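Chemist: please work out how this folds:
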Amino acid sequence: MVCASAPGDDRLTAGRLAGFTMKRAIFTLSWPVLIEMFLHAGVNLVDASVASGISVEAADAIGAGGYVLWATAMLAIALGVGATAMVSRAVGKRRFAVASAVVGQTTTLAWAGGLVSAVLFAALAPWMASIMNLKGVAYDHAVTYLRVCALGVPAMTFLEGAVSSLRGAGDSLTPMLSILIVNIVNAGLTFALSGVDWAVARLDPVTGAMERRVIFANPFNFDMGVAGIAWGTTAAWWTGAFILTLVLARGTGTHRLRLTWKRMRPHWHTVRRIIRVGVPNFLETAGMWFGNFLTILMVGWMAHPGYLGAHIVAVRVEAFSYMPGFAISLAVATLVGQYLGMGRPDLAERAIFRCTVLAAAFMTLMGAVFIAFPGSVVGLFTQQEEHLRLTPALLMITGFVQAPFAVAIVLRSALRGAGDTRAAMWITWVSTYAIRLPLAWLCCGVDIPLPDSMGGGVIANPAPLAAIGVSGLPGFWVGLCAEIVLRGVLFTAVVLRGRWKSARV
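Modeler: From the prediction side, this is the model:
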């Protein structure tokens, strides 16, 4: 039975958020997720920063390896989206047994899928490194990194499913604390095992020479290099999985979710529901991943030393600008699901509007920092001179599109929370392949090399903007950012149509 609130009352009626007004719920859900997002990015940036202290080849290998890891996370993300949508809707209807059943089935799917992914990941590591155009030492580093990280893929997959389930029940604090521990383990072990000093770097504004300052010298003598980075990441994932297993097995009175062996036995009706919501998201994420994979190839085709590393550094630094947007977007996914479960689509719509405005304000502020202090920001995350020369311009470009980026992030998550993952999937595919890739290619001016099996040669780029100085890696980012603006427009149009209010989960 659904307990609907009074017409003028926006308080939630069940779960950890019972009795919370919309504003309080947004704050309660968002701030732990925001900290969690910073911690997630910290895991990646610790790896990238330490790698840059080893060599340019190590930095390129870790950057490419981290991108490949995203491919293995697609299954986990898809399961997480299904879990959030179903748990939030069940909690909104006060059907806590159903919510716990979803947790059990998500756990079973996560471990099974993670084990299969780990085997494939380890076996295909050399092929993945070669197709990313890594050679020599960089290739060896990438294979080592990928194969060690494969050992942690099952734990990472479960971790994502557990975190998403807790968020769907309105519990953002437990995931935040678990990711805090994951980050501490990763940073500590990565630093200890790699043998690299913690340092910051900058380019002297007068001479252009790189200045490096050691913050903390590494006192350990393990000196495992890239392998040490990978072992730190893997150990951190297993630590997080162990913690959340204990939390869910014990259960609490606040979110009323509990993981038991009985709930983990395959229950095909629940599995089908998770898959029905999760598969479109998996296809959406897969489409996004492959599209971004093609953009990585474009960067490689430019054949400019340092371009790949500078691009990866810019992507990882940019993550700090959209973390507030993602934190708020995860809050809106939970609120939309719970309000729809209460039978109040009007409140779900109001939550979307408030969260969109809030995310746009935060991300615009972060974009202003990128525009005003790009060099200082980049120097915190890399010790390579070529990155310090190339990356600041990329941050300035992306700084101008943070508001429409926020719109796209929040509205996409709102559709997911409602269970309308098909609409989000189609927008992502159209935006990636019909807009993003063509714009990035035309703006960067690189020719597309054809394989010998197709006769060799290249597809010449007309480079329509080269005459006004838009080309190379900066031009590439101009194309990527232009697509972000158009993506925000597409998501806005779909949300305003309102079909998401009647989506089935």
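Chemist: now do the contacts for the closest residue in space to Ala125 that isn't next to it in sequence.
Modeler: In space, and not counting its chain neighbours, Ala125 is closest to Leu146: 3.9 Å by C-beta to C-beta, 6 or more residues apart in numbering. C-beta: built from backbone N, CA, C; applies to glycine. By C-beta atoms under 8 Å, 6 or more residues apart in numbering, the residues touching Leu146 are 65, 68-69, 121-122, 125, 128-129, 230.
Chemist: farthest-separated two in those?
Modeler: Across those, the longest distance by C-beta to C-beta is 14.1 Å; it joins Met128 and Ala230.
Chemist: the two: who's more crowded?
Modeler: Ranked by neighbour count (other C-beta atoms under 10 Å), Met128 and Ala230 place Ala230 first, with 27 against 18.
Chemist: quick one: the more buried one from Arg147, how far?
Modeler: Ala230 is 8 Å from Arg147, where distance means C-beta to C-beta, to the nearest Å.
Chemist: part of a strand, is Tyr339?
Modeler: No. Looking at Tyr339 with DSSP: H, G, I helix; E, B strand; the rest coil, it is helix, so not inside a strand.
Chemist: the nearest residue to Ala209 once chain neighbours are set aside: neighbour count?
Modeler: With sequence-adjacent residues excluded and distances taken as C-beta to C-beta, 6+ apart, Ala209 is closest to Leu203, at 7.1 Å. Other residues lying near Leu203 total 17 when counted by other C-beta under 10 Å.
Chemist: isn't Leu203 up against Ser376?
Modeler: No. Applying C-beta atoms under 8 Å as the test, Leu203 and Ser376 come out as separate, 10.5 Å apart.
Chemist: what residue of the chain is the furthest out?
Modeler: Taking C-alpha atoms, centre = their mean, the residue of the chain most remote from its mean C-alpha position is Gly455, at 38.3 Å.
Chemist: phi, psi for that one please.
Modeler: Reported as degrees, to the nearest 10, the phi and psi values for Gly455 are phi 100, psi 0.
Chemist: how near is it to Ala123?
Modeler: 32 Å.
Chemist: SS state for Val446?
Modeler: Here Val446 is recorded as coil under three-state DSSP.
Chemist: list the contacts of it.
Modeler: With C-beta under 8 Å, 6+ apart, Val446 has these contacts: 298, 301-302, 461.
Chemist: of these - the most surrounded one?
Modeler: Within the contacts of Val446, most neighbours by other C-beta under 10 Å means Met298, with 20 neighbours.
Chemist: can you check the pLDDT for the residue nearest to Ala209?
Modeler: We have a pLDDT of 72 for Leu203.
Chemist: what helices and strands are in contact with the host helix or strand of Thr492?
Modeler: Secondary structure assignment for Thr492, by DSSP states H and E: helix 472-497. Secondary-structure packing of helix 472-497 (3 or more C-beta pairs under 8 Å, 6 or more residues apart in numbering; DSSP states H and E): helix 268-301, helix 307-341, helix 385-399, helix 402-418, helix 421-430, helix 437-444.
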